[in-house]
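Student: Next one to model:
(one chain, ligands or ions: 1)
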Amino acid sequence: MKKLISDSKTKLAATYLGIIMAMCIGFSGVIYRTSVNELDRPVAGDRLEFLRDQTGDVIEITRPGPSRRSLFNDFQKQRSQEARTALVGKLILINISALILGAWFSYYLAKRTLAPIHAAIDAQTRFVSDASHELRTPLTALQTTNEVVLRRKTITEEVAREILAENVKEVEKLRRLTDSLLGIAKNDHADLSLSKVKLLGSINSATDSLRVYAETKKITIDNNAKDHTVEANPHSLTQIISILLDNAIKYSPEKSVIKISTARKQSKVLLSITDPGIGIEAKDIPHIFDRFYRADQSRNKAQSSGFGLGLSIAKDLSDRQNSEISVTSKVGKGSTFTLILKSA
Ligand code: ADP
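Tutor: Got it, this is the predicted structure:
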């Protein structure tokens, strides 16, 4: 891939340089033609009163007679030839300078043109390698447990059930990860058209889909949101709220209360989801929206069910519908994620 980028850079730089040189040579041709035409234009004798000879002395030519006219013609020819030679020299110099400067400028332009493509390819490569790494973990667990069992001569039904249950857990992890990856691919191509959306409808859809999950941890969702109308993509809005709410449940202890509230600030509507969970360390906050990033304490303390993809998906969707997500958090006290939407 690096070679492809480097080859493209060289080709693009060569194309830019070709264009620059074609323009320079073209302009030089025009300048040369126009100047030569001007030099070859006969000078009207009666308009001529003074002319300087080569030493700079003024020759008076008021009414050019035959001898004076030939002197004048020779002089004009000689000057014209000198001027042509000087002009060609200058044009060659200009074109050589254009070639040197143009080569540097073309390379710089090609580098700038390809920079976003380079960055996108880098991000894609990182994503594929992170995704492969995440896929490998449950696959390795599956392989190891099955191989260990296969080495035994006999297995009891109880052990077989245990192994199967373990396998199902790992397969479930794989399914959730592939679902998230497919979700990312789908979101990347989705056309997120914006419309006027009633906030409460989106919040209710999100809370309904997570009610059972919250109940398994005996968590209460305290919804105090007002029904503001915002400018957003209805599907994305529900997806973002679901991700934030899912995290709030995931990282909060049993029997907690998660609060949903809204506020209006000038032309913005702020939707906040506050949890009394494990919180996030200040050093992790700048990274939690990166793909596959998981803070250490959530890996250790909370469930290993996450892949570090939720917030990156939420941020991507939020950016594409012109909203923002901000976060405040204290380790051991909890977190507040705020979605800042445009009021409609
Ligand atoms: P994950 O699937 O790991 O939850 P996310 O992208 O949703 O992935 O979140 C990235 C990381 O941000 C999490 O691993 C966790 O460390 C941290 N995080 C997100 N939401 C919360 C929260 N409400 N409370 C504490 N930590 C959180």
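
Student: these two touch, right, residue 210 and residue 249?
Tutor: Yes - with the criterion set as Cβ atoms under 8 Å, residue 210 and residue 249 qualify as a contacting pair; they are 6.3 Å apart. Any C-beta I mention is one placed from the backbone N, CA and C, and that applies to glycine too.

Student: can you list the residues of this structure near the ligand?
Tutor: When proximity is defined by Cβ under 6 Å from any ligand atom, the chain lies next to the ligand at 247-248, 250-251, 275, 277-280, 288, 293-295, 298, 306-312, 335.

Student: so where's the stretch 1-150 of the chain shaky on pLDDT?
Tutor: Along the stretch 1-150 of the chain, segments meeting pLDDT under 70 span 42-66.

Student: again, only this time at 80
Tutor: Counting by pLDDT under 80, the stretch 1-150 of the chain has low-confidence residues at 1-5, 40-69, 72.

Student: Low-confidence regions, the stretch 151-300 of the chain specifically.
Tutor: Screening the stretch 151-300 of the chain residue by residue with the criterion pLDDT under 80, one finds the ranges 188-189, 296-300.

Student: residue ranges of the strands in this structure, please?
Tutor: Secondary structure of the chain by DSSP state E: the strands cover 50-52, 58-60, 195-198, 220-223, 229-232, 257-265, 268-275, 324-330, 334-343.

Student: As JSON lines, the ones you listed with distance to residue 32 and mean neighbour count would be great.
Tutor: Listed next are those as JSON lines, based on distance: least, Cβ to Cβ, whole Å; neighbours: other Cβ atoms under 10 Å:
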{"stretch": "strand 50-52", "distance to residue 32": "25", "mean neighbour count": "12"}
{"stretch": "strand 58-60", "distance to residue 32": "29", "mean neighbour count": "11"}
{"stretch": "strand 195-198", "distance to residue 32": "62", "mean neighbour count": "14"}
{"stretch": "strand 220-223", "distance to residue 32": "80", "mean neighbour count": "14"}
{"stretch": "strand 229-232", "distance to residue 32": "60", "mean neighbour count": "21"}
{"stretch": "strand 257-265", "distance to residue 32": "66", "mean neighbour count": "16"}
{"stretch": "strand 268-275", "distance to residue 32": "63", "mean neighbour count": "21"}
{"stretch": "strand 324-330", "distance to residue 32": "59", "mean neighbour count": "15"}
{"stretch": "strand 334-343", "distance to residue 32": "60", "mean neighbour count": "20"}
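
Student: any chance of those strands in a markdown table, plus distance to residue 95?
Tutor: Below are the strands of the chain laid out as a markdown table (distance: least, Cβ to Cβ, whole Å):
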| stretch | distance to residue 95 |
| --- | --- |
| strand 50-52 | 31 |
| strand 58-60 | 37 |
| strand 195-198 | 58 |
| strand 220-223 | 73 |
| strand 229-232 | 55 |
| strand 257-265 | 61 |
| strand 268-275 | 57 |
| strand 324-330 | 52 |
| strand 334-343 | 54 |
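
Student: Please indicate which of the residues of the chain next to the ligand are buried?
Tutor: For those, a burial check counting by 16 or more other Cβ atoms under 10 Å picks out 247-248, 250-251, 275, 277-280, 288, 294-295, 298, 306-312, 335.

Student: OK, contacts around residue 196?
Tutor: 229-231, 344 (Cβ atoms under 8 Å, 6 or more residues apart in numbering).

Student: do the same with residue 307
Tutor: Residue 307 touches 134, 176-177, 180, 292, 294, counting by Cβ under 8 Å, 6+ apart.

Student: Mind doing that once more with 7 Å?
Tutor: Contact criterion Cβ atoms under 7 Å, 6 or more residues apart in numbering gives 134, 177, 180, 292 as the residues in contact with residue 307.

Student: List just the nearest of those to residue 103.
Tutor: Proximity of the contacts of residue 307 to residue 103 (Cβ to Cβ) peaks at residue 292, which lies at 41.3 Å.

Student: quick one: residue 238 from residue 24, how far?
Tutor: 58 Å (Cβ to Cβ, to the nearest Å).

Student: Looking at those two, which one has more neighbours?
Tutor: When neighbours are counted by other Cβ atoms under 10 Å, residue 238 and residue 24 differ, and residue 238 comes out ahead with 20 against 17.

Student: Just to check, the more buried one is in contact with residue 205?
Tutor: Yes - between residue 238 and residue 205 there is a contact at 4.7 Å, judged by Cβ atoms under 7 Å.

Student: returning to that earlier point: Serialize the contacts of residue 307 to JSON lines and add fields for neighbour count.
Tutor: Output for the contacts of residue 307, formatted as JSON lines (neighbours: other Cβ atoms under 10 Å):
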{"residue": "134", "neighbour count": "19"}
{"residue": "177", "neighbour count": "17"}
{"residue": "180", "neighbour count": "20"}
{"residue": "292", "neighbour count": "16"}
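
Student: Send over stretch 112-132 as CSV, restricted to the C-alpha atoms.
Tutor: What follows is stretch 112-132 as a C-alpha-only set of coordinates in CSV (Å, rounded to 0.1, in the frame of the first residue of the first chain):
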residue,chain,number,x,y,z
ARG,A,112,-0.9,17.5,0.0
THR,A,113,-3.4,16.1,-2.4
LEU,A,114,-2.7,12.5,-1.3
ALA,A,115,-2.5,13.3,2.4
PRO,A,116,-6.2,12.7,3.2
ILE,A,117,-6.2,9.5,1.1
HIS,A,118,-3.0,8.4,3.0
ALA,A,119,-4.7,9.1,6.3
ALA,A,120,-7.8,7.2,5.3
ILE,A,121,-5.8,4.2,4.2
ASP,A,122,-3.8,4.3,7.5
ALA,A,123,-7.1,4.4,9.5
GLN,A,124,-8.5,1.6,7.5
THR,A,125,-5.4,-0.6,8.0
ARG,A,126,-5.4,0.2,11.7
PHE,A,127,-9.1,-0.7,11.9
VAL,A,128,-8.7,-4.0,10.1
SER,A,129,-5.7,-4.9,12.3
ASP,A,130,-7.6,-4.0,15.5
ALA,A,131,-10.7,-5.8,14.3
SER,A,132,-8.7,-8.9,13.5
